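Asks: Let me see the structure of the following:
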Amino acid sequence: MKTKCKKKKQLKFSFYPHKEVVVDFGGGDLTSDAGLITMREFDKQLGLTKDMGRCVYDRRFQNLIRHEQLSMLRQRLYQIIAGYEDADDCDLLRHDPVMKLAANKAHLSDPLASQPTMCRLENGVGWEEIESLNSLMTGWFIKTRRKKPKEIILDFDTTDDPAYGGQQLVLFNGYYEQYMYHPLVLFEGHTGHLLSCLLRRGNAPGAECADEMLTNVTDKLMSKFPYAKFLVRGDSAFGVPILYDICEDKGIQYLLGIKGNSVLKKKTQRLLSKAKRKYRKAKKPVECFTSFFYSAKSWEHQRRILAQVKVNEEGHSINFLVTNLKGRAKDLFSCYHGRGECENRIKELKLGFFSDRLSCEEYMANAFRLALHGLAYNLVNLFREIGLSGTELAEAQINTLRYKLFKIGALVKESVRRVWIRLTSSWPYRSIFNTIYRNICHAPPIPA
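Replies: You can find the predicted model right below:
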């Protein structure tokens, strides 16, 4: 009796004139994201994602578990880094061998968690777990400082997250003229590290919850870096008395925008006239600066106000800052404008790490998602700072890193003692890969 052999489906192409080109799907365990192993090795050396397992409580019956909680968290995190932003992508990648390695799957023959399993995780967390994950962002910053920083800059900002479904607390925001969430973020100015992020209702005022966030973050940082200087920066949305009071009570310097009023504009009228005369004479854009002391009715004492007057062909504008710093107004405005880098960080967080992919119906599940996307951003940012140091990718955005480093095709084979990852010999970024490997292996140990 003859046995019937299953013939693998073959696709034949005729564009090559010398030989027939045949394609099948029998190549074995292949992956398109082999470069993620550098990130996973970096993560292991610093012990970063292992802390996530302590943040999220596992409410499942332990004798019925197929997917460990930490494995699922790592699976979701590394899929975001690789560019797969939605939980639906878990079904596509649950058999990918490198994703299994990144998630520390004990047996590579077993699949990863599916989309329904991941959704149950997202909808099962509570506020304590979300706050723990949020605190982990600051913890990673503290953990990875080999040298105690002399200055820490805290940049506040908000961003819009348009929503088109029936998500809880998606409300209309008059400033953005859309239904949205209104997340609050806090970055460290020198490194771009995301120290904290908070999902808020769509119509939340700009500075809502900023006082709690500032207090929580600075308490942790000051306990570890008691001799560091702290500077808080933010636009006029954060020019509120409660933030001034917190900074002054804690000995923190601040440069915060403040909205102009009739009193402030009157104090800068002479400077504006002077700037207009200069512009008429030079026919070039003019900037003038001044400072004075001012006290609003709700303030307990006077504070220093910085004013910047601009005149050009389009007209004039006056910007105000409130500060407790000494120095020339021009220099302090220059320092304040450094927070513009925060806008680039937000753009990468949203466009590169898809932090606006908050499509769960439950508000708490979306807050959990935002924390995961923030941690994914921080893991890559720390990888740039330490793992990519001295390479041409040290300041590369996430999309460039995916293209040049993470998205590598490879054959994965498992033997009794090893897992072999076979990369192509003609890969153009092979030398960078080797340099990154050496950086990770020879990096100084992280202090306890």
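Asks: any chance you could map the helices in the stretch 51-200 of the chain?
Replies: 52-55, 69-82, 89-93, 97-102, 115-122, 127-143 (DSSP state H, counting those that start in this stretch).
Asks: So for L321, which of these sits nearest?
Replies: L321 sits nearest to helix 127-143 of all the helices of the stretch 51-200 of the chain, at 26.2 Å, using Cβ to Cβ. Bear in mind the C-beta positions are built from the backbone N, C-alpha and C, glycine included.
Asks: the inter-axis angle of that closest one versus helix 69-82?
Replies: 60 degrees (axes from the mean of the first three to the mean of the last three Cα atoms, to 10 degrees).
Asks: picking that back up, which one of the helices of the stretch 51-200 of the chain lies nearest to E151?
Replies: Among the helices of the stretch 51-200 of the chain, helix 127-143 comes nearest to E151, with 13.8 Å by Cβ to Cβ.
Asks: how about stretch 374-391: buried residues?
Replies: Applying a neighbour-count criterion of 16 or more other Cβ atoms under 10 Å, one finds 374-384, 386-388, 391 buried in stretch 374-391.
Asks: any idea of the pLDDT on C5?
Replies: What the model reports as pLDDT for C5 is 48.
Asks: With adjacent residues omitted, what lies nearest to F42?
Replies: G387 (4.6 Å; Cβ to Cβ, 6 or more residues apart in numbering).
Asks: contacting residues for the one you found?
Replies: Going by Cβ atoms under 8 Å, 6 or more residues apart in numbering, G387 touches T38, M39, F42, I436, N439, I440, A443.
Asks: In helices, which of the buried residues of stretch 374-391 fall?
Replies: In helices, defined here by DSSP state H, the members of these are G374, L375, A376, Y377, N378, L379, V380, N381, L382.
Asks: wait, doesn't K407 sit right on L36?
Replies: No - judged on Cβ atoms under 8 Å, K407 makes no contact with L36 at a distance of 9.2 Å.
Asks: Which one's more surrounded, these two?
Replies: Between K407 and L36, counting by other Cβ atoms under 10 Å, L36 is the more crowded of the two (24 against 16).
Asks: Q75 versus the more buried one, what's the distance?
Replies: Distance of L36 to Q75, computed by Cβ to Cβ, to the nearest Å: 12 Å.
Asks: Test for you: state the pLDDT assigned to the nearest residue to E395 once chain neighbours are set aside.
Replies: The shortest distance from E395 to any non-neighbouring residue, by Cβ to Cβ, 6+ apart, is to R384 (6.9 Å). On pLDDT, R384 comes in at 94.
Asks: Same check on P226?
Replies: 95.
Asks: how many neighbours does it have?
Replies: Neighbour number of P226 under other Cβ under 10 Å is 8.
Asks: For it, give me phi and psi.
Replies: phi -70, psi -20 (degrees, to the nearest 10).
Asks: quick one: it from D219, how far?
Replies: Taking Cβ to Cβ, one finds P226 at 12 Å from D219.
Asks: Same check on C55?
Replies: Per Cβ to Cβ, C55 is found 18 Å from D219.
Asks: Between those two, which has more neighbouring residues?
Replies: C55 (22 against 11).
Asks: which ones are touching F353?
Replies: I80, I81, E85, H373, A376, Y377, V380, I398.
Asks: Now with 6 Å, please.
Replies: F353 makes contact with H373, A376, Y377 under the criterion Cβ atoms under 6 Å, 6 or more residues apart in numbering.
Asks: What is the nearest of those to V309?
Replies: Ranked by distance to V309 (Cβ to Cβ), these are led by Y377 at 37.2 Å.
Asks: which non-adjacent residue is nearest that closest one?
Replies: F353 is the one closest to Y377 (Cβ to Cβ, 6+ apart), at 4.8 Å.
Asks: Likewise for A376?
Replies: Excluding its sequence neighbours, the residue lying closest to A376 (Cβ to Cβ, 6+ apart) is I80, at 4.2 Å.
Asks: so where's this protein uncertain?
Replies: Along the chain, segments meeting pLDDT under 70 span 1-8, 444-448.
Asks: let's go with 50 and repeat that
Replies: Residue ranges of the chain with pLDDT under 50: 1-5.
Asks: OK, contacts around N104?
Replies: N104 neighbours (Cβ under 6 Å, 6+ apart): S71.
Asks: at 8 Å instead, please
Replies: Going by Cβ under 8 Å, 6+ apart, N104 touches L70, S71, R74.
Asks: ok, the second one touching K105?
Replies: Yes - under the criterion of Cβ under 8 Å, S71 makes contact with K105 at 6.2 Å.
Asks: joint contacts of the two?
Replies: Residues touching both S71 and K105 (Cβ under 8 Å, 6+ apart) are L112.
Asks: show me what contacts the residue sitting nearest the centre point of the chain?
Replies: Centroid check for the chain by Cα atoms, centre = their mean gives Y377 as the closest residue, at 3.7 Å. Contacts for Y377 (Cβ under 8 Å, 6+ apart) come out as L194, E348, L349, G352, F353, S355, I398.
Asks: Quick check: it vs F383, distance?
Replies: Y377 is 11 Å from F383, where distance means Cβ to Cβ.
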